[in-house]
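Student: sharing a model prediction with you, sequence too.
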Amino acid sequence: MTGYATLAGPGESRVEAKKSQFLGLVAPVATVEEADAVVAARRKAHHAARHHATALILGEQGDLQRSNDDGEPAGSAGLPILSALRRAGVTDVVAVVTRYFGGTLLGVPGLARAYGEAATAALAGARVVWYEPAERLVLRCPHAVAGDFEHGLRGWLADHGAELATIAYDAEVAASAVVARADRSDFDSFVAPWLARGVRLADAAPARLARPREDAGDATDAAGAETSHRLPS
């Protein structure tokens, strides 16, 4: 199956290590600017915290990857967070782990463990969704065939896990459907007999289509809830 996994919404966590609190947040983003906005909001919400280590992965193939230790020892914060994102197999995601110092130094291994665990726990609280590359196709047809065409269209879309985005009845009927690129040839075959009855493809644009995928991660009803635990000393 082509496509990529990302988050349907945010996830949060709270991890304690020797009285230091590590608050994890993961969120879906589409651009570096969106990721920066998530980080800025987190800094504002927890302005008293010493550190806000971050990592992000962007692009269908995860081509853009970054991490930032935010003042922690090199490699002890941002990289463990980034590693957690990589293990989860998600992209178009940013992670922020905020640290409130508890008075005891953890050392580089202890920091790496806590930052990585906070990111992993936040991911466990987020719902993962699988997206396939798709096209948004706009079809138009006369009212005389609209009822029959809509019935057939809905059936084809349901059989192929595609989406009927909108349908509008005006001077003519316009239906917007999101179809996986892999299914485009089959869709064209479905539409072909209708062309002689006045149905036409008016527009096509890139899109993405959510697909269920059993191994795409935690998809429980608890998604979005904060997970909390304490690391052993």
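Tutor: Right, received. Where do you want to start? Residues are numbered from 1 along each chain as shown.

Student: run through the helices of the chain in chain order.
Tutor: 32-45, 78-88, 107-124, 143-159, 184-191 (DSSP state H).

Student: for Ser20, find the nearest of the ones you listed.
Tutor: helix 107-124 (7.0 Å; CB to CB). Quick note: C-beta positions are derived from backbone N, CA and C, even for glycine.

Student: which outside residues touch the closest one?
Tutor: For helix 107-124, contacts defined as CB atoms under 8 Å, 6 or more residues apart in numbering pick out 11-15, 17-18, 20, 22-26, 53, 55, 72-73, 75-81, 83-85, 87-88, 90, 95, 97, 99, 106, 217-218, 227-229, 231.

Student: again, but for stretch 193-203
Tutor: 136-142, 144-145, 149, 152, 174, 191.

Student: ok, back up a step: among the contacts of helix 107-124, which lie within strands?
Tutor: 11-15, 17, 20, 22-26, 53, 55, 95, 97, 99, 227-229 (DSSP state E).

Student: now a ChimeraX select for only the buried ones of these.
Tutor: Buried residues among the ones in strands among the contacts of helix 107-124 (16 or more other CB atoms under 10 Å), as a ChimeraX selection:
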select :11,12,13,14,15,17,20,22,23,24,25,26,53,55,95,97,99,227
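
Student: show me the longest strand that occurs in the chain.
Tutor: strand 128-141.

Student: give the buried residues for that one.
Tutor: Under 16+ other CB under 10 Å, the buried positions of strand 128-141 are 128-132, 134-141.

Student: quick one: which of the helices of the chain is nearest Thr2?
Tutor: From the helices of the chain, taking CB to CB, the stretch that ends up closest is helix 184-191, at 12.5 Å.

Student: so where is the chain shaky, pLDDT-wise?
Tutor: Along the chain, the parts satisfying pLDDT under 70 run over 1, 212-233.

Student: break it into its domains for me.
Tutor: 4-126, 130-209 (automatic domain parsing).

Student: with distance to Gly59 as added columns, please give the helices of the chain in a markdown table.
Tutor: Listed next are those as a markdown table, based on distance: least, CB to CB, whole Å:
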| stretch | distance to Gly59 |
| --- | --- |
| helix 32-45 | 11 |
| helix 78-88 | 13 |
| helix 107-124 | 18 |
| helix 143-159 | 28 |
| helix 184-191 | 23 |
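
Student: out of the ones you listed, the one nearest Gln61 is which?
Tutor: By CB to CB (comparing all of the helices of the chain), the closest turns out to be helix 78-88, at 12.7 Å.

Student: which helices and strands sit right next to the closest one?
Tutor: strand 51-58, strand 64-68, strand 93-100, helix 107-124 (3 or more CB pairs under 8 Å, 6 or more residues apart in numbering; DSSP states H and E).

Student: let me know the angle separating the first one from helix 107-124.
Tutor: If I follow you right, that is strand 51-58. With axes from the mean of the first three to the mean of the last three CA atoms, to 10 degrees as the basis, strand 51-58 and helix 107-124 are set at 50 degrees to each other.

Student: sweet, I'm off.
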